[in-house]
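> Can you look at this prediction? I've put the sequence above it.
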Amino acid sequence: MQTAPDPALLLARFQFAFTVGVHIVFPAFSIGLAAYLAVLEGAWLRTGRQVFLDLYRYWIKAFSIVFSMGVVSGLVMSYEFGTNWSVFSRKAGPITGVLLSYEVMTAFFLEAGFLGVMLFGMNKVGRGLHFAATCCVSVGTLISMTWILASNSWMQTPRGYTIDPATGRFMPDDWLAIIFNPSFPFRLVHMGLAAFLSVAFVVGATGAWHMLKARRAGAIASEPVRVMFSMAMWMAAIVAPLQVLAGDAHGLNTLKYQPVKIAAMEGDWDTEGRAPEILFGIPNMRTERTDYAIRLPLAGSLILTHSLDGKVPGMKDFPRDQRPPSPVIFFSFRIMVGLAMLMVLVGFWSLWLRRTSALFTSPVFHRVVLCMAPAGFIALLCGWVTTEVGRQPWTVYGLLRTSDSVSPIVLSSMAVTMAAFVVVYVIVFGSGLGILLRLLGRAPVEGEQGASPAHPADVLATHTHPGIAGPIPGEGA
């Protein structure tokens, strides 16, 4: 029989979920935007077209804001590992701590070394060196993502370790097995594509907004607006279908190594072949059934196993105290998939409009793209909720429970810090988001002038690391 969860533990998990949920948007934005800036500068150097330089100067201002917010939001979690999750840090630290130190020695130094040149050196160094700096920052964000996902993926599918019988600590035995654990390649590709796709829709929505404004004014959008909109729609048309394929491969991997997560995602309680797909329902953890289920015959087996006769696992095959909260990940998964399908449709729609020469003249399409501005980030957050809540009740899957990973904490202290986090985050990141929206509300113009933060030290002095959040022990409700 499952015992009632400790309120302090639930609040600690929610606090970490809140801080990492806010944080992860900014590194994903930085990853995609840094790559976009590298493409823009490379296109300018190759073609000599002023429009690419104009767009580079426009979007690097947004990058500096997003990057800075990623730095600030990432600092909090470093302390939370020690204050709220000290047992996890002590036991898993010999592996996760080393992986994070690899990130510092590679991504951190690469980004810190070239960020100043990228932001402030356009008119101070040669074109080739500045382009190299932009590429190094972009590569640094990708390296950061790689190490963080290696660490987090090890928590999902741990390999290459031994457990010290005296201390219960996870000790490294095979670093290649630790880094290249079974879920790592799938999650790395899935996250990378998510970052690129999220930024593509932000760039596309910005272009759509300015084309709609120009249309209302009876004018034609500037060349930089049309070029960035076109580039964003190419990215959506190419990456969105690839993301669906990557997600399918990730699902097959999860079915193999974490079948109870798949059962909870699907709302399936009994293992069966030729299983239907539950399109909608309300999983009930108490009665062990999914109420109000709308089923699509055979589709569950076909989607999950690529066979009409494939067996789909049910949660009843697993002890009650090892089941993740199905209602949370059932709906987060469907929101993610629904948004992914919408992004695919928008990408294909853009191809059709491009073929009919209506890509820049269809106000209906522009309004749809504008509404899709946050779609990539919402899907990304829902994907992380599905992955991380689906790992519960474990921090290290099958080996270390979340309830055994938490520090000695009391409910009152958690409530006070949670309230403080909410207030401070709303003020700080609400202000940052307002500045970003105001910046993007002005259309890029021909001959765009560069603008940077006041001084390199304003960014570098606080730069610890803007990368994706580290191992995530306490997310979810």
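Alright, I've got the coordinates.
> Sketch out the strands for the stretch 351-477 of the chain, chain order is fine.
394-396, 400-401 (DSSP state E, counting those that start in this stretch).
> For those, give me CSV that also has mean neighbour count and distance to residue 159.
The way it works is simple: take the backbone N, C-alpha and C, and place the C-beta from them, glycine included. Formatted as CSV, these follow (neighbours: other C-beta atoms under 10 Å; distance: least, C-beta to C-beta, whole Å):
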stretch, mean neighbour count, distance to residue 159
strand 394-396, 24, 11
strand 400-401, 18, 15
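> Out of these, which gets nearest to residue 91?
Ranking the strands of the stretch 351-477 of the chain by proximity to residue 91 (C-beta to C-beta) places strand 400-401 first, at 6.2 Å.
> Within its sheet, name the partner strands of that closest one and how each one runs.
Strand 400-401 sits in its sheet next to strand 394-396 (antiparallel), going by DSSP bridges.
> could you give the mean pLDDT of the partner strand?
For strand 394-396, mean pLDDT is 94.
> CSV please, covering the strands of the stretch 351-477 of the chain and showing distance to residue 43.
CSV is the format used below for the strands of the stretch 351-477 of the chain (distance: least, C-beta to C-beta, whole Å):
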stretch, distance to residue 43
strand 394-396, 44
strand 400-401, 48
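> Among those, which comes closest to residue 177?
strand 394-396 (14.7 Å).
> Pull the distance from that closest one to the chain's centre.
Chain-centre distance of strand 394-396: 20 Å, with C-alpha atoms, centre = their mean, to the nearest Å.
> Show residues contacting that strand.
85, 88, 91-92, 154-155, 158, 170, 400-402, 405, 471, 473-474 (C-beta atoms under 8 Å, 6 or more residues apart in numbering).
> Please, which helix or strand holds residue 279?
Using DSSP states H and E, residue 279 falls within strand 277-284.
> Of the contacts of strand 394-396, which is the nearest to residue 71?
Using C-beta to C-beta, residue 471 comes nearest to residue 71 of these, at 19.2 Å.
> Where do the strands of this protein begin and end?
Per DSSP state E, the chain carries strands over the ranges 161-163, 170-172, 272-273, 277-284, 289-296, 311-312, 394-396, 400-401.
> in its sheet, what does the fourth one sit against?
I take that to be strand 277-284. strand 289-296 (antiparallel).
> could you dump the strand it pairs with to CSV, C-alpha only?
What follows is strand 289-296, C-alpha atoms only, in CSV (Å, rounded to 0.1, in the frame of the first residue of the first chain):
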residue,chain,number,x,y,z
ARG,A,289,-8.4,2.5,-14.9
THR,A,290,-8.6,5.4,-17.4
ASP,A,291,-12.0,7.1,-17.2
TYR,A,292,-13.8,8.5,-20.2
ALA,A,293,-11.3,6.9,-22.5
ILE,A,294,-11.6,7.5,-26.2
ARG,A,295,-9.7,4.7,-28.0
LEU,A,296,-8.4,4.3,-31.5
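> Before I go, just wanted to say thanks for your time.
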